[in-house]
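# Structure, please.
(chains A and B)
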Amino acid sequence: MPSTPRVEDPPEVGRNREEPNDGDGEEGYSSDLLDHETFNQLLEMDDDVDHDFSKSIVWHYFEQAETTFQEMDKALSDENLVELSKLGHFLKGSSAAIGLKKVKASCEKMQHYGNMKDETGTESISEEDALKKISSLLEKVKEEYKEAETYLKNFYSERDDTDNTKNTDEKDSSPTEKD
Amino acid sequence: STSQTCQVEQSSPQTSKVLLVEDNLICQRVTSKMLVRNNYSVDIANNGKEAIDMVEETINMGGYSCILMDIITPVMNGYEATKLLRERGVDIPILALTANSFNSDFKKAIDVGMDAFLTKPI
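You can find the predicted model right below:
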């Protein structure tokens, strides 16, 4: 049974941006982006029966996020804070399920701002302030999502390439049948 | 936001039947997969109202061993659903399930009769 690779070291390829100069290197970069423990738990759910479970979840998340961002854009243009809070909460849940830390954190802020609270959810803010904060936050969370999307697509591309190489090697090394 | 009810998944041997109340389809899939892998049978409700209906429909057939209740769902939220279930004498363990981690939510969950509080991802 092929083993499911654990996400311990981030893939080398496909980094579309310069690495942040935070001294933590590659591991620090992906650890900011992804809760590896959560994502690894998702990968562990891939099995013989449902080898692509985690990938289907991630791809489903991409669709959901795109749709949710469109709904957020509309709610912002309608100045509908209640809806923005609900949408923030909604996307926070699925982001958390995959382990996307930055997206989850930004969605939580949107949830608070939509409730006319500050980013910690404790102090009240005005409606005008809430809309202003959500407007800039929405752009930020979209960038964070794109970052996560790139990382995850590269991860699965690497995994699929590894699986294909393994299958080819196994096929080449298997004994040929005799007539 | 879109959601749809997943089909009931069962694993053999069945030990306990759990009702998962969750409106986010991705969270439904991940949580139910986790439960099934641990030999639970899972039914899914998209919101608090559906949860109440499903509990009442199954109450004479053994019922659920516990309910995992997302606290923010459309139509009827987890708090309201729990309060109604408790008022109707349903004493199944209800675990609040949420991506929130606010103290106020924890207190409210206990006040309406929930038994425990789990933050996502579980």
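# Can you name the residues of chain A sitting close to chain B?
A:38, A:41-42, A:45, A:50, A:53, A:57, A:60-61, A:64, A:67-68, A:71, A:86-87, A:89-90, A:92-94, A:96-99, A:104, A:108, A:121 (C-beta under 8 Å from any C-beta of the partner chain). Glycine gets a C-beta too; all of them are placed from N, C-alpha and C.
# List buried residues within those.
Taking 16 or more other C-beta atoms under 10 Å in any protein chain shown as the criterion, what is buried in the residues of chain A next to chain B is A:38, A:41-42, A:45, A:53, A:57, A:61, A:64, A:68, A:71, A:86-87, A:89-90, A:92-94, A:96-99, A:104, A:108.
# Now residue B:18: phi and psi?
Per-residue torsions, residue B:18: phi -110, psi 140 (degrees, to the nearest 10).
# isn't it right up against residue B:65?
Yes: with contact defined as C-beta atoms under 8 Å, residue B:18 counts as touching residue B:65 (6.4 Å).
# who has more neighbours, those two?
Per other C-beta atoms under 10 Å in any protein chain shown, whichever of residue B:18 and residue B:65 has more neighbours is residue B:18, with 22 against 14.
# now the more buried one: how far from residue A:110?
To residue A:110, residue B:18 is 31 Å away according to C-beta to C-beta, to the nearest Å.
# From what I see, residue A:131 and residue A:75 are in contact.
No: under the criterion of C-beta under 8 Å, residue A:131 makes no contact with residue A:75, lying 10.4 Å away.
# higher neighbour count, those two?
The neighbour comparison of residue A:131 against residue A:75 (other C-beta under 10 Å) goes to residue A:75, with 21 against 18.
# now residue B:46: how far from chain A?
As judged by C-beta to the nearest C-beta, to the nearest Å, residue B:46 and chain A stand 13 Å apart.
# can you confirm residue B:42 is in a strand?
Yes: according to DSSP: H, G, I helix; E, B strand; the rest coil, residue B:42 belongs to a strand.
# Grab the nearest non-local neighbour of the residue of chain B at minimum distance from chain A.
Nearest residue of chain B to chain A (C-beta to the nearest C-beta) works out as residue B:26 at 4.0 Å. Excluding the flanking residues, the one nearest residue B:26 by C-beta to C-beta, 6 or more residues apart in numbering or on different chains is residue A:94, at 4.0 Å.
# for the record, mean pLDDT for the one helix or strand residue A:82 maps to?
Using DSSP states H and E, residue A:82 maps to helix A:81-98. Averaging pLDDT along helix A:81-98 gives 96.
# Tell me the helices and strands packed up against that helix.
Helix A:81-98 sits against helix A:36-43, helix A:53-77, helix A:101-114, helix A:127-173, helix B:25-37, with contacts defined as 3 or more C-beta pairs under 8 Å, 6 or more residues apart in numbering or on different chains; DSSP states H and E.
# show me the contacts for whichever residue of chain A sits closest to chain B.
Going by C-beta to the nearest C-beta, chain B is nearest to residue A:94 of chain A, at 4.0 Å. By C-beta atoms under 8 Å, 6 or more residues apart in numbering or on different chains, the contact set of residue A:94 is A:61, A:64-65, B:24, B:26-27.
# Which two among those are spaced furthest apart?
A:65 and B:27 (13.5 Å; C-beta to C-beta).
# pLDDT and distance to residue A:164 added to the contacts of residue A:94, as TSV?
Converted to TSV, the contacts of residue A:94 look like this (pLDDT from 0 to 100; distance: C-beta to C-beta, whole Å):
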residue	pLDDT	distance to residue A:164
A:61	98	24
A:64	98	28
A:65	98	28
B:24	95	33
B:26	97	27
B:27	95	31
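# Tabulate those in TSV, adding columns for distance to residue B:58.
TSV is the format used below for the contacts of residue A:94 (distance: C-beta to C-beta, whole Å):
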residue	distance to residue B:58
A:61	31
A:64	30
A:65	34
B:24	23
B:26	26
B:27	22
